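In: Fold the following and give me the result.
(one chain, ligands or ions: 1)
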Amino acid sequence: MLARDPHFFERLTEQQNPDYLWIGCSDSRVPANEIVDLLPGEIFVHRNVANVVHSSDMNCLSVLQYAVEVLGVRHVIVVGHYGCGGVKAALEEGGLSVIDHWLAPVRSIRRRNQNVFDQLPSAKARWDRLCELNVVEQAIAVSQTTIIRGSWAQKREIAVHGWIYDLHDGRLRDLDVTVTNAQEADELHDRSTGAGGSQSR
Ligand SMILES: [Zn+2]
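Out: Below is the predicted model of the structure:
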């Protein structure tokens, strides 16, 4: 790094100024900076198993609030990935371990859309679909937080996106659920809960 830019670390110690917050999976194959090819200082990151946004998760909410209100990020991106082990576990009924408690919202998506899943031709198709629906659901959860709603009420320009990463080809795909204001967020919420998930690859 120093060979390319002798002052890189000097600048980095002074401040971070990211435009993006990445909310992604803890999976070691899905590192934020490498996937979007951004340098340290350019993207703020929160990761947990299956990129879940619990409305009572103080960790995630603190990251979100700090990113939006202090760092002034303009884009909050929920990034899931195909082949997610957490999502796979949520395709089955769970046990009583901590991770089952954590994955309850993902399991709930599958249960609510069981008719959709029953029509899919293979276990792989069901897994892929739940990975996608989980991204949409968590992007909606972000857009319904008081942090994002409050930012929109204050006329801050901030967009919430849902992307999915494919381990097979290294590509990010936009699931086309971007919302930039409360009305769009509510429309997405209604569409998603009403249609049982309308997004497709
Ligand atoms: Zn994962």
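In: residue closest to the middle of the protein?
Out: The residue lying closest to the centre of the chain (Cα atoms, centre = their mean) is residue 78, at 1.8 Å.
In: what's that one in contact with, if anything?
Out: Applying Cβ atoms under 8 Å, 6 or more residues apart in numbering to residue 78 gives the contacts 23, 24, 51, 53, 135, 138, 139, 142, 160, 161, 162, 163. No exception for glycine: its C-beta is placed from N, CA and C like everyone else's.
In: If we use 10 Å, what do you get?
Out: For residue 78, the contact set (Cβ atoms under 10 Å, 6 or more residues apart in numbering) comprises 21-24, 46, 51-53, 134-143, 160-164, 175, 177.
In: Below-threshold pLDDT in the chain: ranges please.
Out: Along the chain, the parts satisfying pLDDT under 70 run over 194-201.
In: For this protein, which segments count as strands?
Out: Assigned strands in the chain, in chain order: 20-25, 43-48, 75-81, 159-166, 171-174 (criterion: DSSP state E).
In: would you list these in JSON lines and tack on distance to the ion?
Out: As requested, these are arranged in JSON lines below (distance: least, Cβ to the ion, whole Å):
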{"stretch": "strand 20-25", "distance to the ion": "3"}
{"stretch": "strand 43-48", "distance to the ion": "9"}
{"stretch": "strand 75-81", "distance to the ion": "6"}
{"stretch": "strand 159-166", "distance to the ion": "9"}
{"stretch": "strand 171-174", "distance to the ion": "14"}
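In: Using a markdown table, lay out those together with distance to residue 112.
Out: Putting those into a markdown table (distance: least, Cβ to Cβ, whole Å) gives the following:
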| stretch | distance to residue 112 |
| --- | --- |
| strand 20-25 | 21 |
| strand 43-48 | 21 |
| strand 75-81 | 17 |
| strand 159-166 | 17 |
| strand 171-174 | 23 |
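In: out of those strands, nearest to residue 87?
Out: Go through those one by one with Cβ to Cβ and the one that ends up closest to residue 87 is strand 75-81, at 7.4 Å.
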